[in-house]
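[1] Whatever this is, show me its structure:
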Amino acid sequence: MTWDDTGEMLDKYLRSTILNLAINLKDEAAIKKGRELFEQWKSDHNSINVNLKTVIYKTGIMYGTDEDWDYVWNAFLKEADASEKMKLLMALGHTKESRLMLRLMKYSLNDTLVRSQDAFRVLTSISGSYTGQILAWRFFQQNWKTYQERYASTSFIMSTLIKSVCSNFDTQFDYEEVQTFFSQRDVGSGKRAVSQVLEKIQSNIEWSSKFEHVVTSWLTSHGKLTVK
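    This next block holds a predicted model:
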């Protein structure tokens, strides 16, 4: 597909999807090119194609430095276009550094920095990684009152938050913790989302029980995983 923004609309959508997968799967060539384009963007914000911005920003944050993160955060603060601000905000959540994840989540609760209607997107972005999901879940629990006051009456946002921070858990401990937490609180419009999340976690538990050893064995036999 390359990094050239050519072809029909479906080609462009496919390119974005494949490049995102390549970045997530640590493809070295994709990361190198993404980083080159990120540095190019830092020198000239008009130098990269709009359809590739999301994956380029993501690459710069995932495989960049603290200075790169700070640069994107400052760009977010200065940006006037709402669509562009959202791309930058979502990209910031892809950092691998726990302390930067926590910083961003704290920033998101300050509506002088991040608009209230956009803040929930921070948790959805951070929850995309294993480490991020755990941190997002803990932060969500600790700041439940704030999220409830902001979003309890908004079905879409509350449901999105609950599903984002909980859906990928896959142990009985996680299931019981999520169940206990929400059973003791008024989730308002998120009640159905809680039920769906518990079903999803149970499904994850059953899948892991059946297939985790198969996947682990395959990875080990193909040199993709070292068992200590």
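
[2] helices and strands around the helix or strand harbouring residue 200, which ones?
    Assigned by DSSP states H and E, residue 200 belongs to helix 191-221. Applying 3 or more CB pairs under 8 Å, 6 or more residues apart in numbering; DSSP states H and E, we find helix 191-221 packed against helix 155-166, helix 172-183. Backbone N, C-alpha and C define where each C-beta goes, glycine included.

[3] Backbone dihedrals for the residue nearest to residue 3 when sequence neighbours are not counted, both of them.
    Excluding the flanking residues, the one nearest residue 3 by CB to CB, 6 or more residues apart in numbering is residue 33, at 5.6 Å. With angles defined as degrees, to the nearest 10, residue 33 sits at phi -70, psi -40.

[4] Pull up the gap between residue 33 and residue 214, please.
    34 Å (CB to CB, to the nearest Å).

[5] Who has more neighbours out of the two?
    Comparing residue 33 with residue 214 by other CB atoms under 10 Å, the one with more neighbours is residue 33, at 18 against 9.

[6] how about low-confidence regions in the protein?
    Applying pLDDT under 70 to the chain flags the ranges 224-228.

[7] Okay, helices next: where are they in it?
    9-24, 28-43, 53-62, 66-78, 82-92, 98-108, 116-126, 130-142, 144-151, 155-166, 172-183, 191-221 (DSSP state H).

[8] now what about the shortest one, what contacts it?
    To tie it back to what came earlier, the one meant is helix 144-151. 109, 116, 119, 120, 140, 157, 158, 161, 185, 186, 187, 188 (CB atoms under 8 Å, 6 or more residues apart in numbering).

[9] Leaving out the residues flanking it, which one is nearest to the first one?
    With CB to CB, 6+ apart as the criterion, residue 109 has its nearest non-adjacent residue at 5.9 Å, and that residue is residue 146.

[10] Find the nearest non-adjacent residue to the residue nearest the centre of the chain, please.
    In the chain, the centroid-proximal residue (CA atoms, centre = their mean) is residue 125; its distance is 2.4 Å. For residue 125, ignoring the flanking residues on the chain, the nearest one in space by CB to CB, 6+ apart is residue 93 at 2.8 Å.

[11] Residue 185 now?
    In space, residue 185 comes closest to residue 144 once its chain neighbours are excluded; the distance is 6.6 Å by CB to CB, 6+ apart.

[12] relative to helix 172-183, how tilted is the helix holding residue 200?
    170 degrees (axes from the mean of the first three to the mean of the last three CA atoms, to 10 degrees).

[13] Give the buried residues for helix 191-221.
    Buried positions in helix 191-221, judged by neighbour count with 16 or more other CB atoms under 10 Å: 193, 194, 196, 197, 198, 200, 201, 204, 205.
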